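Trainee: Based on what follows, work out the 3D shape:
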Amino acid sequence: MNASAGLSEPAVVSGGSTLKPYLRRKKSSLGETKVAVLGMEGVGKSALSVRFLTKRFIGEYDQSMEAKYKCTTSIDGEFIAFELLDTRSCNYDLGAREDVLRWADGFMLVYSVTSRKSFDILQDIYKKIEEAKKAGHAPLIVVGNKCDLTHVRQITQDEGIKLATSFCCPFLEVSASEDVLKVTEAFHILCKEIIEFKRRSRTFLDRVFGLKKS
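Mentor: Purely as a prediction, here's the structure:
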């Protein structure tokens, strides 16, 4: 695979049923982000992940396996160590397992603009995230994939915007098959949200401990 500018060759850390035991939560620095891609089966989570990592589009994937990747990406001139978990949603939890929700710094919630069910189910995934992140709101982005399939569209862009607004997060419509720049933008937006969230959290902790010391 050819690595693109600013993006190192991705490394698969683990996949399939062996993944879960290794999702041990370690505190990440400002220059590290852990992202879980969540959504219903068939919405294009793997296509989006691989498009971002390699700039290539692959249409068919094994829906029964998870994969975790590591790479380095450049955002606004700063290199960020990126860990990406491409979840599988074959089970009732839609990939939003407790260990996944604890591990990730932020979440990409993906639906297909051609599937009403995949859109509606994001409400359930969002509730799981909020329950797991009781300490505060988790960085998110809502992504409507397959926007090139206008002839079979079921979800309008306004509906996507409204859903993201209710989650207090950014929104993008993308086409994993046709627009690599938009896909990259979606991951970079989420990465920036995560970094800003960490900065705010650290500032808050500094104020709290600073007051206790004074």
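
Trainee: how many neighbours does Gln123 have?
Mentor: A count of nearby residues for Gln123, using other C-beta atoms under 10 Å, gives 12. Every C-beta, even on glycine, is put in place using the N, C-alpha and C of the backbone.

Trainee: now it, what's its secondary structure?
Mentor: Counting by DSSP: H, G, I helix; E, B strand; the rest coil, the backbone at Gln123 sits in helix.

Trainee: List the residues that contact it.
Mentor: For Gln123, no contacting residues are found, by C-beta atoms under 8 Å, 6 or more residues apart in numbering.

Trainee: so what pLDDT did it get?
Mentor: For Gln123, the model assigns a pLDDT of 96.

Trainee: Likewise for the one 4 residues further on?
Mentor: Lys127 is assigned 93 on the pLDDT scale.

Trainee: quick one: Gly42 is in a strand?
Mentor: No - counting by three-state DSSP, Gly42 is not found in a strand; it is coil.

Trainee: Please report how far the closest residue to it other than its chain neighbours lies from Leu85.
Mentor: Among residues not flanking Gly42 along the chain, Ser112 sits closest, at 6.9 Å (C-beta to C-beta, 6 or more residues apart in numbering). According to C-beta to C-beta, to the nearest Å, Ser112 and Leu85 sit 20 Å apart.

Trainee: Then Cys169?
Mentor: In terms of C-beta to C-beta, Cys169 sits 18 Å off from Leu85.

Trainee: ok, the two, which is more surrounded?
Mentor: Leu85 (25 against 21).
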